[in-house]
Every structure is written in structure tokens, then in C-alpha cells.
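**Q** Need a 3D model of the following:
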Amino acid sequence: MEQYTGIDISVHNGNVNVKRVRDAGYKRIIIRAGYGKNNVDQRFISNAEACVNLTEPAGIYWFSYALNEEMAANEALYAVAQAKKYWSKCPVAYDLEYDTVSYARKNGVSIGKAQATAFAVAFLKEVIAAGYIPVLYTNKDYAKNYFDIPAIEKALGQRIYIWYARYTRSISTEEKAACHVWQKSSTGRVDGISGNVDINEFYTDFETVISPDAEEKKTVCNLNILEFQKAANLDGYTDQDGDKLKEDGVDGPKTQFVRKKVYLKAFYGENGYKVFSKGALVRYWQTRLSEMGYQTAVDEKYGKDTMEKTMEMQKAYGLSVDGVAGYNTLSTSFYN
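**A** Alright, predicted model coming up:
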């Protein structure tokens, strides 16, 4: 099996340009979907949509703050609910760490090997029941002192996949054989991400686990392009043949033709910037800005606030900073 290098990301990594990450050679991404009692990671939607739109293979993890088995099982349900929005099947990892144990202790609960093992069983049982791939995040200490992995697999009646954290140049043959993903660094530097990021080596191709014929994938509908096409049609744009765009989520020649005609902006008058562009495409653009972390009112009116948020986005993604949502800016929004 071909080995892949990838990353795992969360809100702590800020704006992640998944296209640049992929182009830099990182072919797999694990995304934090959330933590604790249904707290969805603030960057999950934008990160997940970017992976879907770029057909970048991805999985998710849920950081646990469970105090008992019921809470752990509920955390799995929260994780699966988020996964279902984007993937019919993918790896879903249970992440119980030192912060989990510390939080439990502050709440009068002591988590030892028996408790951690039971929590993992409760979480992963729900993952399996929902049809997703069960993954356990662990490290050398937790694999020895907190998780009884054979007992977990026995309770579940099947094997699980191990995501193993150990920050070192290499791991032993035994460690490599026992894990499916090795998180080897927390200080990686990757194009498309500002600051450090976790680097992972994937020894199992979860795409093959998901679908034996994963090589024969059909063209995927990009959700952002689909919404752009719908908005362009509502605003009356037509392609080079005078027809409305086909709403298929594919950035083909006709969609590109229309995008070249779109020029969303504010107007500068005597008293400063005022609303200029209006309509469905402005609503699309304001929605994408907010999803990408640049919160602005979604009111179909392109005024000063939308212009300023557009400029922030353009600066972050290395685009020409003019406050206009045109061809290149809109294209960037399709894949992030």
C-alpha cells in the first residue's frame, strides 16, 4: 500500500488553505469536528467543505470531556452527526488525552485504565453502529496505562484503527506495525497554514477501507460552485450560449465564463463607501465570507462592511487586495 503524509487541523490552526496544503503534497487530513458536549469546532465547516470540494480524503476526531460511558457515547453521536453532513463513511477518532483526565479530576472523577477503556468502547460502538470507521487516538503512555486495546477490540467484536502520537524522528518496527496512522510532529510547517501543524504518516489508506474501488471515483459536485451557479442563475447571468448555468457543482468553461462577468463591489461616493452590488450573488458571497471566518451581514447588499471583510480575506489568501469579489477571489472561495 502507498504511504501518505497528511495533517490534522482544528480552529487552532486558523484559516487553512486546503488547496495549497494538498498541492504541497499532503494528501490526507483529519479534522477536529468538535469537543465535549456538542461543541462543534469553529473551523469544522470550512475545513470539511474545502476537503469535500477538493476531493481531499479526510477523517474527523472528537476531543473527549466525558465523565462516564454515557457521555462518551453521546460524544460519538455528536461526531457522527457532523460527519454525516459531508461523508457517508470516513474515519471517526476518539481523542481522550491528559486534558480529559485533568478536567474529570476537577469534576470529581478519576479516569484510570478501566474507565478510559470503557469510554473508548462506548464511543467507538456508536461509530461502528453508524457505519463509520472506528479510530482510537493514543500515545505510548496511554496505550500502556489507559487503553486496553485488546479488550476494546474484544468488546466491539472487531479490530479498530490506531492513531498513534509520538514526536520523534522514527518509531520502532513494533510501534509501526501496531498503528495505522503515526502523528510524528506537532511543529510541522506546511504551505497554506500559518504556524505549526501536526504531521501524520498514514500506513492505512482509509479510502480503500471506505471503498475497494476508490480509484474509480466519479466527478464530485463542489457545494460552493453549486451555490454560485444557483445564485448566478437567480441574478440572470447567462453563459456564452445565452443559457442559464447547469447547476452541477462543476467549474467548467461555462461557469468560468459567467464568473468572469461577475464584479461585486461597493461604491465610493462623497460620504464614503455605499452599497453598489445587490442580489443573490452578493448573498452567496457574504455567506461564504462568514463560513470562511470573515463574519459579515448576509443581506444581499455589498457595502462597506462586506468590502472590508473581502479585503481581509484577500490579504489572508495572497490575492490582490481591492475589496472586489471578482474572478480570482470567487475562485478561491470555491476551494476553501
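**Q** same for the helix or strand harbouring residue 281, what does it pack against?
**A** Applying DSSP states H and E as the criterion places residue 281 in helix 280-291. Under the contact definition 3 or more Cβ pairs under 8 Å, 6 or more residues apart in numbering; DSSP states H and E, helix 280-291 sits against helix 44-53, helix 223-234, helix 304-316, helix 327-334. The C-beta positions use only the backbone N, C-alpha and C, and glycine is treated the same way.
**Q** Show me the one of these that comes nearest residue 188.
**A** Between residue 188 and the helices and strands packed on helix 280-291, the shortest separation by Cβ to Cβ is 16.5 Å, and it involves helix 44-53.
**Q** any residues touching the closest one, and which ones?
**A** Applying Cβ atoms under 8 Å, 6 or more residues apart in numbering, the external contacts of helix 44-53 come out as 9, 15-16, 18-19, 29, 31-34, 41, 56-58, 60, 82, 85-87, 220, 222-225, 291-293, 334-336.
**Q** which is the next helix or strand following it?
**A** Per DSSP H and E, helix 44-53 leads on to strand 58-63 as the next helix or strand towards the C-terminus.
**Q** Given that following strand, what are its sheet partners and their directions?
**A** Taking DSSP bridges as the criterion, strand 58-63 sits next to strand 28-35 (parallel), strand 91-95 (parallel) in its sheet.
**Q** Tell me the buried residues in the last one?
**A** Along strand 91-95, the positions that meet the burial threshold by neighbour count (16 or more other Cβ atoms under 10 Å) are 91-95.
**Q** Make a markdown table from these and add distance to residue 206 to it.
**A** A markdown table is the format used below for these (distance: Cβ to Cβ, whole Å):
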| residue | distance to residue 206 |
| --- | --- |
| 91 | 5 |
| 92 | 11 |
| 93 | 11 |
| 94 | 16 |
| 95 | 17 |
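**Q** and those as JSON lines, adding pLDDT and distance to residue 118?
**A** Written out in JSON lines, the entries for the buried residues of strand 91-95 read as follows (pLDDT from 0 to 100; distance: Cβ to Cβ, whole Å):
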{"residue": "91", "pLDDT": "97", "distance to residue 118": "22"}
{"residue": "92", "pLDDT": "98", "distance to residue 118": "18"}
{"residue": "93", "pLDDT": "98", "distance to residue 118": "17"}
{"residue": "94", "pLDDT": "98", "distance to residue 118": "12"}
{"residue": "95", "pLDDT": "98", "distance to residue 118": "16"}
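**Q** Can you list the low-confidence ranges for the stretch 101-250 of the chain?
**A** For the stretch 101-250 of the chain, residues meeting the criterion pLDDT under 70 lie at 210-220.
**Q** which residue ranges form the helices in it?
**A** 113-129, 140-145, 149-156, 173-178, 206-210, 223-234 (DSSP state H, counting those that start in this stretch).
**Q** Output the second one as CSV, nothing but the C-alphas.
**A** What that stands for is helix 140-145. In CSV, the C-alpha atoms belonging to helix 140-145 read as follows (Å, rounded to 0.1, in the frame of the first residue of the first chain):
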residue,chain,number,x,y,z
LYS,A,140,2.9,5.4,24.2
ASP,A,141,1.8,6.3,27.7
TYR,A,142,-2.0,5.9,27.1
ALA,A,143,-1.5,2.7,25.0
LYS,A,144,0.1,1.2,28.1
ASN,A,145,-1.6,2.8,31.0
